[in-house]
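In: Okay, here's the prediction I keep looking at, along with the sequence it came from:
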Amino acid sequence: MKKLYFLLGIISFFTLCIVSSCKTTKETVSISEDEKAAFQQKEGDTITIADDSTEYEIIIIEPGFNFWLQSIAKPRNFYSQSYMENRNQVFVTNYNQRVAQPMRFNPSLYEQQINYEPHTDYGYEVNYKLYNYFIYFQRKYNQRLGPFVPRI
């Protein structure tokens, strides 16, 4: 019986050592002064996200987003459309899950579900602005809508 306790003590000691050495690092997002200025704007921007070649449209009313999009975001054609579609699908799924849980997530941040179908071609412009809105949203409100850090 003493051997069993001793063996359990050794196993628990090594488990404790392994667990304590496996520290998770949370990556922090650095925000520039220009980006902080965009986040602090109070006047409402209304951005219509549409593509002339498609019939899809999204309207975003968010103070500072238009300024952020024009001055901070990566330029058009930096990301491929398929890259943004893949990210947008993850962002929309997580965003819509949070909309459905108003007791768990702030309902003033997650107000309305987004109808984004993965097999619909919304065009480059819609995907570009939606992707950048999600990056803006995550950085401004310190949210994570996916497994990756929202970077510019």
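Out: Perfect, I can see it now.

In: Distance check, the nearest residue to Gln89 once chain neighbours are set aside against Tyr79.
Out: Leaving aside its sequence neighbours, Gln89 sits nearest to Pro118 (C-beta to C-beta, 6 or more residues apart in numbering; 5.1 Å). The C-beta positions use only the backbone N, C-alpha and C, and glycine is treated the same way. Separation of Pro118 from Tyr79 (C-beta to C-beta, to the nearest Å) stands at 17 Å.

In: between these two, who's got more neighbours?
Out: Using other C-beta atoms under 10 Å as the criterion, Pro118 and Tyr79 rank with Tyr79 on top: 17 against 10.

In: Hmm, Tyr131 and the more buried one touching each other?
Out: Yes: between Tyr79 and Tyr131 there is a contact at 7.0 Å, judged by C-beta atoms under 8 Å.

In: so what sits against both of those two?
Out: Contact criterion C-beta atoms under 8 Å, 6 or more residues apart in numbering; residues shared by Tyr79 and Tyr131: none found.
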